[in-house]
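J.: Coordinates for the following, if possible.
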Amino acid sequence: MFATKFHPFPNRTVLGKALDDRISCAVLVKTIQALHSTLKNMTFYGMFTVQEEIGAKGARVVAFDVQPQMTITLDTVPTKNPDQVSIQDLELGRGPVIRLFDWHPFTKKGMFTHPAIKDRLLRVAKAERIDHQIDILTSTYLDSSEVHLTAGGIPGGSICFPRRYAHGPVELSDLNDIEGGLRLLIALMKSLDEDPIKFGKLY
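T.: From the prediction side, this is the model:
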């Protein structure tokens, strides 16, 4: 049934349809609201894209149009069911996910997170005491897979939100992970405003 109603549970998990990727849209809107009168030295663009699942086409177009200095992609990431989880797997409730690398063998799409962005994300998460997880996923790609190849190369990273039962009428996520990702993104943008990453070129 695709008329699933949003439902919060007492343990702060939430159930609903299309949490992938309504979660990221909600986090981006909240981030824009939090930062709109705060940033002094940088311009922050919130980009809502289409056709990610069929080649990240929307992200490629908007990245070429705006040509930002760097990007942070927001998306969700699958978790296993509790009876299948091993120590290295992602779980609900353990915080947002900082992606190091992704790769989709069939399409050959994927991206290494830029080392400077990875280091800044980890540093901000530690400084703000935000519980977080780290992953490498070799079965998917994000919008960043096209963005980092656009307009001479745009460095990128990503913050992902754990969820179960992807692409179905009933998806499950955790508000603690979502709120942690929101805090991480806001803190990252403030950090970049105060101390921007200087990428340069090595060739």
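J.: May I ask you to name the longest helix in the protein?
T.: Longest helix in the chain by number of residues (criterion: DSSP state H): helix 175-194.
J.: Could you check that one and say which residues are buried?
T.: Across helix 175-194, burial judged by 16 or more other Cβ atoms under 10 Å covers 176-192. C-beta: built from backbone N, CA, C; applies to glycine.
J.: show me what contacts E128?
T.: 183-184, 187 (Cβ atoms under 8 Å, 6 or more residues apart in numbering).
J.: Can you name the residues in contact with the longest helix of the chain?
T.: 8, 12-14, 23, 26-27, 30-31, 34-35, 38-42, 44, 72, 74, 92-96, 120-121, 123-125, 127-128, 130-132, 159-162.
J.: Give me the distance between S173 and A59.
T.: Noted for S173: a distance of 22 Å to A59, by Cβ to Cβ, to the nearest Å.
J.: And for S139?
T.: With distances defined as Cβ to Cβ, the gap from S139 to A59 amounts to 19 Å.
J.: Which one's more surrounded, the two?
T.: More crowded of S139 and A59, by other Cβ atoms under 10 Å: A59, with 24 against 11.
J.: name the element the more buried one belongs to?
T.: helix 57-66 (DSSP states H and E).
J.: How about V29?
T.: With DSSP H and E as criterion, V29 is part of helix 19-35.
J.: what about the helix holding A59, distance to the chain center?
T.: 17 Å (Cα atoms, centre = their mean, to the nearest Å).
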